[in-house]
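From the sequence below, what's the structure:
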Amino acid sequence: MTVESVRPEAQPVAASELREPPLAGGGVPLLGHGWRMVRDPLAFMTTLRDHGDVVRIKLGPKTVYAVTTPELTGALALSTDFEIAGPLWESLESLLGKEGVATANGPRHRRQRRTIQPAFRLDAIPGYGPIMAEEAHALTGRWQSGETIDCTAESFRIAVRIVARCLLRGAYMDERADRLCAALDSLFRGMYQRMVIPLGPLYKLPLPANRTFNRALADFHLLVDEVVAERRASGQKPDDLLTALLEAKDENGDPIGEQEIHDQVVAIFTAGAETVASTILWLLHVLAEHPEHADKVRTEVESVTGGRPVAFEDVRSLRHTNNVVVEAMRLRPAIWILTRRAVTDTSLGGYRIPAGADIVYSPYAVQRDPKSYARNLDFDPDRWLPERAKEVPKYAMSPFGVGNRKCPSDHFSMAMLTLITSALATEYRFEQASGSDDATRVGITLHPHTLLLRPTRRSAPGTSAGTPGVSSPAP
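You can find the predicted model right below:
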C-alpha cells in the first residue's frame, strides 16, 4: 500500500466569512480538557469529530484547535502557514533538543533532510537487507516453544539493533538496548503528561516521578554521547548516517555543531526504538489475536520462498503480509497525536486560526473514522488490496506523514516490519500468556501495557492452515 499526497485545491474564504470553531464540551476549571486527555485521550480525540471539522479545546489555560477530518489534516501538514511546534514538540524538547531534523523548521530543516536522505534512498535499502534478515531470524531463534516472551523488551531490542547496525554501523550489546528501552519508556510517559497538563514549575520539584524522568533523560543522552564518542575514537568512516552527520556542513560551509550531531542521533534512535518497536508490539498482538491472518502470512511466505528462510529480496512479493502491517498501523498507529503552530493569521475549513495558535490532530482518530472506512474497527488487511484501497479518502491513512515532514525512513521501516512479521508468523503461533495485559498504554506513542506471549513452534512447512476467518473488531 502506498499513500500518495498532493496539495489540496485552495478554497479562498473572505476574512469576514471565517467562523470561530466550536468549543468542545466537558472542560473543567483550571485543567480545561486536559483531565479528559489524561483519563481517556483516545476516546476524547475520537469523539471530537462529532463536534465539527475544527474544534477548540482547552489544555490548562491554553486554547488549542483540534482538526478532525482527513482533508484538513492533509491541508494542515502541507500548508506553509503552519510549522512544527506546539504542545507535543514542547514536551519532546528535553529529549529531541532544538537542533535535530524532528523539530527544526525552514532552511535548517531542508538542509538536515538533505544530509540524512541518502541513507534512506530506495537503492540504499537493499544493502540493509541482510542485517534486517539476520536480526529477524535471531529474534525467532532465541525463543523457545512454550516459554513466556516479554514482547516489550524483545521489540525494543530488535528495533534498536537494526537501526544501530544499519544506520550507525554499531555493534551494540543487548545491555545498551535494555538501557534505551527503559529510558524511553519513562521519558515518553512523562512527556505525554507534560503535554496535556502544562504545569511547568511543578515538574521541577524533586518528586519521585520527576526524579525518575530526569534519570531516564540523563541516561538516554549519555547513551547517545557514547555512540558518537565511540565512532570518533575509532577513526572509521563507514558509508552510514553517522558518518554523514560527522562530515556534514552548515549553511556557511562549516562543520555542523556537536549539539546538532547529538540531536540528529537522538532523532534516529527515537524513531527507530520507540515508533518501530511500538508497531512490532502491535504486530505481535495481531498475530496472537488473528491466527487466521498469521496462517495466511505463513502460507504466503512459503509460496514465495519455497520453504527457505524468508529474506529481504522476498519482501516486495509478500503482498498480504505488507497489508497486515499497514492495517495494524491503521488501527494502532505508534504516533497517535501531532501538533502544529500557525505562523500567521490563517484559516482551515472556513474557520479562523490566529497567528501563534496551536493545532492538534490525531492519526488514531482519523484512521478509525467510520466516514472513511467501512467496518472501521475490523482488522481487515484486504481493505488495502488495490481495488479497495482506492476507496479510502486521501490523507485518511498517512502512517509516515505527508509533505516535507514525511518520515524519510518510510521504505526502510516498511521493509523491516514486513520482514519481521513474515519471520515471526512462519516460525510460531502465538497466544497471550498469564499476566499479559494488552490494554493500550498511552504516552507520546501507543503500545500494549504488558504484552506477554507464548510462542508455539509450527510444524513442518506445508501444514499450516491458510484460510482466513471472519475478521473481528479491533480491541
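
Show the model's pLDDT score for residue 9.
Per-residue pLDDT puts residue 9 at 42.

Buried residues, the helix or strand containing residue 387. List them.
In the assignment (DSSP states H and E), residue 387 maps to helix 386-389. By neighbour count on 16 or more other CB atoms under 10 Å, the buried set for helix 386-389 is residue 389. (Glycine included, C-beta is placed from N, CA and C.)

Next: stretch 379-397.
Neighbour count says stretch 379-397 has 379-384, 389, 392, 394-397 buried, by 16+ other CB under 10 Å.

doesn't residue 18 make contact with residue 347?
Yes - with contact defined as CB atoms under 8 Å, residue 347 counts as touching residue 18 (5.4 Å).

between these two, who's got more neighbours?
residue 347 (21 against 17; other CB atoms under 10 Å).

measure residue 394 to residue 256 for me?
Distance of residue 394 to residue 256, computed by CB to CB, to the nearest Å: 36 Å.

next one: residue 166
22 Å.

Same check on residue 425?
42 Å.

And for residue 265?
For residue 265 relative to residue 256 (CB to CB), the value is 12 Å.

Quick check: neighbours shared by these two?
Common neighbours of residue 265 and residue 256 are listed as residue 245 (criterion: CB atoms under 8 Å, 6 or more residues apart in numbering).

tell me the secondary structure for residue 368?
Assigned with DSSP: H, G, I helix; E, B strand; the rest coil, residue 368 falls in the coil class.

wait, it sits on residue 331?
Yes - the pair residue 368 / residue 331 is scored as a contact, 6.8 Å apart, by CB under 8 Å.

Overlap in contacts, those two.
With CB under 8 Å, 6+ apart, residue 368 and residue 331 have common neighbours residue 377.

Might you report the residue contacts of residue 231?
Residue 231 touches 168, 170, 242-243, 246, counting by CB under 8 Å, 6+ apart.

Most widely separated two among these?
Using CB to CB, the contacts of residue 231 reach their maximum pairwise distance at 170 and 246, which is 13.4 Å.

Please identify which of the two sits among more neighbours.
In this view residue 170 and residue 246 are compared by other CB under 10 Å, and residue 170 has more residues nearby, 21 against 14.

So which helix or strand of this protein has the lowest pLDDT on average?
Lowest mean confidence among the helices and strands of the chain (mean pLDDT, DSSP states H and E): helix 87-96, at a mean of 64.

If you count neighbours, what's buried in the next helix or strand after it?
Next helix or strand after helix 87-96 toward the C-terminus (DSSP H and E): helix 106-116. Residues 108-109, 111-113, 115-116 are the ones in helix 106-116 that count as buried (16+ other CB under 10 Å).

Which secondary structure state does residue 393 sit in?
coil.

Now it, what are its backbone angles?
Here is the backbone geometry of residue 393 (degrees, to the nearest 10): phi -60, psi 150.

Can you name the residues that contact it?
Here residue 393 is in contact with 70-71, 372 (criterion: CB under 8 Å, 6+ apart).

Kindly recompute the last result at 10 Å.
69-71, 74, 366, 369, 371-373 (CB atoms under 10 Å, 6 or more residues apart in numbering).

Equivalent analysis for residue 17, please.
Taking CB under 10 Å, 6+ apart, one finds 347, 350, 352 in contact with residue 17.

in the stretch 101-250 of the chain, which spans are strands?
149-150 (DSSP state E, counting those that start in this stretch).

rewinding a little: what packs against the helix holding residue 387?
Counting contacts by 3 or more CB pairs under 10 Å, 6 or more residues apart in numbering; DSSP states H and E, helix 386-389 packs against helix 319-331.

what about the following helix or strand past the helix it packs on, distance to the chain center?
Scanning forward in sequence from helix 319-331 by DSSP H and E, the next helix or strand is strand 338-342. Strand 338-342 sits 17 Å away from the centroid of its parent chain (CA atoms, centre = their mean, to the nearest Å).

Next secondary structure element downstream of strand 338-342?
strand 346-348.

strands paired with that following strand, and their directions?
strand 351-353 (antiparallel) (DSSP bridges).

and the strand it pairs with, average pLDDT?
The model assigns strand 351-353 a mean pLDDT of 96.

got the contact list for it?
Contacts of strand 351-353 (CB under 10 Å, 6+ apart): 13, 15, 17-22, 52-56, 65, 67, 72, 76, 81-82, 340, 342, 344-347, 359.

PyMOL command for the buried members of the residues you listed?
In PyMOL, this line selects whichever of the contacts of strand 351-353 come out buried by 16+ other CB under 10 Å:
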select buried, resi 18+21+52+53+54+55+56+65+67+72+76+81+82+340+342+346+347+359
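
Which ones among the contacts of strand 351-353 map onto helices?
Residues of those located in helices (DSSP state H): 72, 76.

what's the average pLDDT for the host helix or strand of residue 431?
Using DSSP H and E, residue 431 falls within strand 428-432. Mean pLDDT, computed over strand 428-432, is 97.

Next: stretch 444-454.
91.

can you check stretch 457-465 too?
62.

in the stretch 301-450 of the chain, which ranges drop under the pLDDT threshold?
404-405 (pLDDT under 70).

What is the helix or strand just after the strand holding residue 431 packed up against?
Once strand 428-432 ends, the next helix or strand along the chain (criterion: DSSP H and E) is strand 437-442. Using 3+ CB pairs under 10 Å, 6+ apart, the elements in contact with strand 437-442 are helix 41-47, helix 174-196, helix 276-289, strand 446-450, strand 452-457.

Fine by me, thanks again.
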